[in-house]
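In: any chance you can model this:
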Amino acid sequence: MKFILLLLNIFYINLAFSGTYKVEAYMNTTISGDTKLPDNRTYRTFSLDGMWKDSLGDIGVIEAFGKVESLSGEPNLEVMAIQTNEVGDKLWGVYRRDSTDVQVGGGGSSIFLAGTGKFQFLVNYECKFVARYVKKRNFTVIKCDIPDKVLQKVIEYKKK
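Out: Just a heads-up that it's a prediction; the model follows:
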């Protein structure tokens with residue numbers, strides 16, 4: 001019985017540091033520009049403002065801005081987001097949509113472009129995300145495969 005409990009503890013510890021970094025964000029959407037061409041092609045700009053939490057225990061605010069356009073026939077979404085945690089560490093990322101149904105939401109990929117404080121260790125890592133929209137509100141989940149040693153640096157980071 002002790003052996004089984006020991007194995008379960010080891011399994012649990014490995015899951016806790018398995019190399020997955022996850023962020024959940026809840027944001028309000030504001031349309032700042034919207035135009036429709038005579039042939040039904042569209043171009044829309046927007047901003048997002050809300051809160052986030054991550055799998056390492058951080059919370060903070062998120063501000064983002066982007067565009068959705070279908071000038072080439074297929075919808076194209078691109079968003080720049082800035083996450084700021086409670087102590088002022090920041091993480092900048094670009095998000096690009098893979099799916100074409102932008103009204104419902106969908107998934108895509110992102111990359112962290114820059115970071116300060118503990119987030120400096122996440123720069124250049126790519127992630128997958130999924131977003132859903134309801135009444136001008138957005139819920140986004142981001143999952144990244146980050147090496148355990150990098151996540152450990154983020155966890156152990158102390159400001160000087």
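
In: pLDDT on the helix or strand harbouring residue 95, on average?
Out: In the assignment (DSSP states H and E), residue 95 maps to strand 90-97. Along strand 90-97, the predicted confidence averages to a pLDDT of 94.

In: who's in contact with it?
Out: Strand 90-97 is contacted by residues 64, 66, 75-84, 106-117, 119, 122, 127, 129, 131 when judged by Cβ atoms under 8 Å, 6 or more residues apart in numbering. C-beta: built from backbone N, CA, C; applies to glycine.

In: quick check: angle from whichever helix or strand residue 109 is part of to strand 90-97?
Out: With elements taken from DSSP H and E, the one containing residue 109 is strand 105-115. Inter-element angle recorded for strand 105-115 and strand 90-97: 150 degrees (by axes from the mean of the first three to the mean of the last three Cα atoms, to 10 degrees).

In: can you name the residues that contact residue 116?
Out: Here residue 116 is in contact with 88, 89, 90, 91 (criterion: Cβ under 8 Å, 6+ apart).

In: quick revisit: who does the strand holding residue 109 touch, helix- and strand-wise?
Out: Contacting strand 105-115 under the criterion 3 or more Cβ pairs under 8 Å, 6 or more residues apart in numbering; DSSP states H and E are the following elements: strand 90-97, strand 126-134.

In: for the first one, which positions count as buried?
Out: Meaning strand 90-97. Using 16 or more other Cβ atoms under 10 Å as the test for burial, strand 90-97 gives 91, 92, 93, 95, 97.

In: do you know how far the last one is from residue 122?
Out: The reference is to residue 97. Relative to residue 122, residue 97 is positioned 21 Å away (Cβ to Cβ, to the nearest Å).
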